[in-house]
Each structure stands twice: as C-alpha cells, then as structure tokens.
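[1] Here is the input, now give the coordinates:
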Amino acid sequence: MYLDQAKKQEIFGQYGKSNTDTGSAESQIALFSYRISHLTEHLKKNRKDYTTARSLTQLVGKRRALLNYLYDRDINRYRAIVKALGLRK
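    Residues are numbered from 1 along each chain as shown. A predicted model of the protein is given here:
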C-alpha cells in the first residue's frame, strides 16, 4: 500500500502540531496533497481509469474546501501551508 501508518505519521508530524494531530486543517491538507500527487501519477500511466479520476476530483474539492476554510479563519496559516506545500491558487 502506498500510504502506510508510518507515512501518515511523518506527514502529520511535519505539517501538524504533532504526529498524532490528525484533525488540524494543515495536516489534512498535507495528507490530501500527498494522495493527490499519488493519484495523478497513477492516472498518467492509466488514463482510462475513470474511477480514480473521479476520486482525484473529489480529493481536490475536499482540499479546496479546507483551504477556503483556512483562508477565511486565519490568513497567515493559509499562506504558510500554501507556501510549504507549493500550491497555487
């Protein structure tokens, strides 16, 4: 499996407050970004995999919703996570 417990712990530790911080917007955005990059690579090889394409679209929407939430609540945290992950708007 591409996303095991150790990888999740690493992502949460890097972008969240601690390794067990699974609920903060930053850690969820980072996890979604990792999954989006993995699915994007999969779709480059398997372009007719429509189920994965739909899942990718849903993940992008979830990440966008969290980014909008963070933008409305705390612009500094939003700018920090966008810069750390290299996202563009």
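[2] switch to C-alpha atoms for all contacts and neighbour counts from now on
    Noted.
[3] Averaged pLDDT, the helix or strand harbouring E26. What do you get?
    Using DSSP states H and E, E26 maps to helix 25-45. Mean per-residue pLDDT for helix 25-45: 95.
[4] The helix or strand that comes right after it vs helix 25-45, what angle?
    Going down the chain from helix 25-45, the next helix or strand is helix 50-73, by DSSP H and E. Using axes from the mean of the first three to the mean of the last three CA atoms, to 10 degrees, the inter-axis angle of helix 50-73 relative to helix 25-45 is 150 degrees.
[5] circling back to that earlier point, quick one: list the elements packing against the helix holding E26.
    helix 5-15, helix 50-73, helix 75-85 (3 or more CA pairs under 8 Å, 6 or more residues apart in numbering; DSSP states H and E).
[6] how about the CA coordinates for the first one, as PDB?
    Only the C-alpha atoms of helix 5-15 are listed here, as PDB (Å, rounded to 0.1, in the frame of the first residue of the first chain):
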ATOM      1  CA  GLN A   5       0.800   4.300   9.000                       C
ATOM      2  CA  ALA A   6       4.400   5.400   9.200                       C
ATOM      3  CA  LYS A   7       4.000   7.700   6.200                       C
ATOM      4  CA  LYS A   8       0.900   9.300   7.700                       C
ATOM      5  CA  GLN A   9       2.700   9.900  11.000                       C
ATOM      6  CA  GLU A  10       5.500  11.600   9.000                       C
ATOM      7  CA  ILE A  11       3.100  13.900   7.200                       C
ATOM      8  CA  PHE A  12       1.200  14.700  10.400                       C
ATOM      9  CA  GLY A  13       4.500  15.400  12.200                       C
ATOM     10  CA  GLN A  14       5.800  17.700   9.500                       C
ATOM     11  CA  TYR A  15       2.700  19.800   8.900                       C
END
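[7] Next, the angle from it to helix 25-45.
    130 degrees.
[8] where among the helices and strands packed on helix 25-45 is the average confidence lowest?
    helix 5-15 (a mean of 91).
[9] And that one, what does it pack against?
    For helix 5-15, the packing partners by 3+ CA pairs under 8 Å, 6+ apart are helix 25-45.
[10] Please consider this matter closed, and thank you.
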